[in-house]
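[1] A predicted structure for the sequence below; I have some questions about it.
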Amino acid sequence: MTLASAVGATISFKHFSLPLLRLRQHKPHLLSLPTSTAALLTRRRAWTAGDRDGVVKSLRFRSSAAALTGGALVHDAGATAVVMAGAYGLVLTFDVLTQRNLMEQSLSRKLVHILSGLLFMACWPIFSTSTEARYFACLVPLANCLRLVTHGLSLATDEGLIKSVTREGKPEELLRGPLYYVLVLIVCVLVFWRDSPTGVISLAMMCGGDGIADIIGRRFGAIKIPYNEKKSWAGSISMFIFGFLISMGMLYYFSAFGYFQLDWLWTTERVALVSFVATFVESLSTTETVDDNISVPLASMVTAFLCFGY
């Protein structure tokens, strides 16, 4: 071989080898591609099958989630209808008893005060676990709120309702204590709901403790509290005892459903403190604006929140 031919071979080698080296350095994935058409088609089918399975699984998940959401909405709508019918039936029952003079107006008013809130709270577990459940439950006191406003403004007349929930039988009374009562129910549902001891205790003190205190105080309240002649020792003591017992009972009720878990010795001490504070606030003088249906649950909420933190 001559020198010229050797140089030409070297140049030719370099000419064709340099691009190959660049290809190895910068595009290594091109070298790993399958060389046969059959292999390419096999991989293509595998990738397509994998994508198809992923899409199917995604669609199944979405359809299952939609079915669960739709089922929860139907469930909560049904629960709302049942609870609303029960609330209306409870008030109607006491309306009839009052109209037929089978029960005193003051006793009827307080029994509605005690039972309507506690039974409503006891119905919370029948709603679903969805995030929208509390809003469905809120429709029950909201409907009652609209009813009170309608009759309180004399836009409609319902003598049975007025007699069963007011002190003096005046329509405008519906816009004070009874309206504050249902507004507190709405707040406890929207803000606290069933997984918060604070909301449960607040309603128990307002419905059970305050309601029973009035009944006992009217019958056995001869000995008055020194700083408020309108309140009696019998009423305050009964509020503390029954407020404490009802609060503990409702806490145990909701804990049995698994909404929260409590240390019961620790809880007993805190509930006793909340009951004492609520009882003291209830024994103070109140005005027509700030009545027991505002002061008692508000004091209970603040104290319970400081004790339980939620």
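    Yep, it's here. Residues are numbered from 1 along each chain as shown.
[2] how about residue 181, nearest residue that isn't a chain neighbour?
    Sequence neighbours aside, residue 293 is the residue nearest to residue 181 in space, at 4.7 Å (criterion: Cβ to Cβ, 6 or more residues apart in numbering). The C-beta positions use only the backbone N, C-alpha and C, and glycine is treated the same way.
[3] can you pull the pLDDT of the one you found?
    At residue 293, the pLDDT value in this model is 88.
[4] measure residue 274 to residue 165 for me?
    26 Å (Cβ to Cβ, to the nearest Å).
[5] more crowded one of these two?
    residue 274 (29 against 26; other Cβ atoms under 10 Å).
[6] got any ranges where the protein has weak pLDDT?
    Filtered on pLDDT under 70, the chain yields the residue ranges 1-69, 286-289.
[7] so where's the longest strand in it?
    strand 228-232 (DSSP state E).
[8] which outside residues touch that strand?
    Applying Cβ atoms under 8 Å, 6 or more residues apart in numbering, the contact partners of strand 228-232 are 217, 220, 221, 222, 223, 224, 225, 282, 283, 284, 285.
[9] if we go to 7 Å?
    With contacts defined as Cβ atoms under 7 Å, 6 or more residues apart in numbering, strand 228-232 is touched by 217, 221, 223, 224, 225, 283, 284, 285.
[10] residue ranges of the strands in the protein, please?
    224-225, 228-232.
[11] of the ones you listed, which approaches residue 142 most closely?
    strand 228-232 (32.2 Å; Cβ to Cβ).
[12] ok, back up a step: how far does the longest strand of the chain sit from its chain's centre?
    Centroid separation between strand 228-232 and its chain, computed with Cα atoms, centre = their mean, to the nearest Å, is 36 Å.
[13] show me what counts as buried in it.
    Buried residues in strand 228-232, counting neighbours by 16 or more other Cβ atoms under 10 Å, are found at 231, 232.
[14] with stretch 261-269 instead?
    Buried residues in stretch 261-269 (16+ other Cβ under 10 Å): 262, 267.
[15] pull the residues that contact it.
    248, 251, 255.
[16] dump the C-alpha coordinates for it into PDB.
    These are the backbone C-alpha positions of stretch 261-269, laid out as PDB (Å, rounded to 0.1, in the frame of the first residue of the first chain):
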ATOM      1  CA  GLN A 261     -62.000   9.900  71.800                       C
ATOM      2  CA  LEU A 262     -61.700  11.400  75.200                       C
ATOM      3  CA  ASP A 263     -60.000  10.800  78.500                       C
ATOM      4  CA  TRP A 264     -63.100  10.600  80.700                       C
ATOM      5  CA  LEU A 265     -61.500  11.600  84.000                       C
ATOM      6  CA  TRP A 266     -59.900  14.600  82.300                       C
ATOM      7  CA  THR A 267     -63.200  15.300  80.500                       C
ATOM      8  CA  THR A 268     -65.300  15.100  83.600                       C
ATOM      9  CA  GLU A 269     -63.300  17.900  85.300                       C
END
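[17] how far does that stretch sit from its chain's centre?
    22 Å.
[18] what does stretch 221-241 give?
    That offset, for stretch 221-241, works out to 34 Å (Cα atoms, centre = their mean).
[19] for it, measure first residue to last.
    16 Å (Cα to Cα, to the nearest Å).
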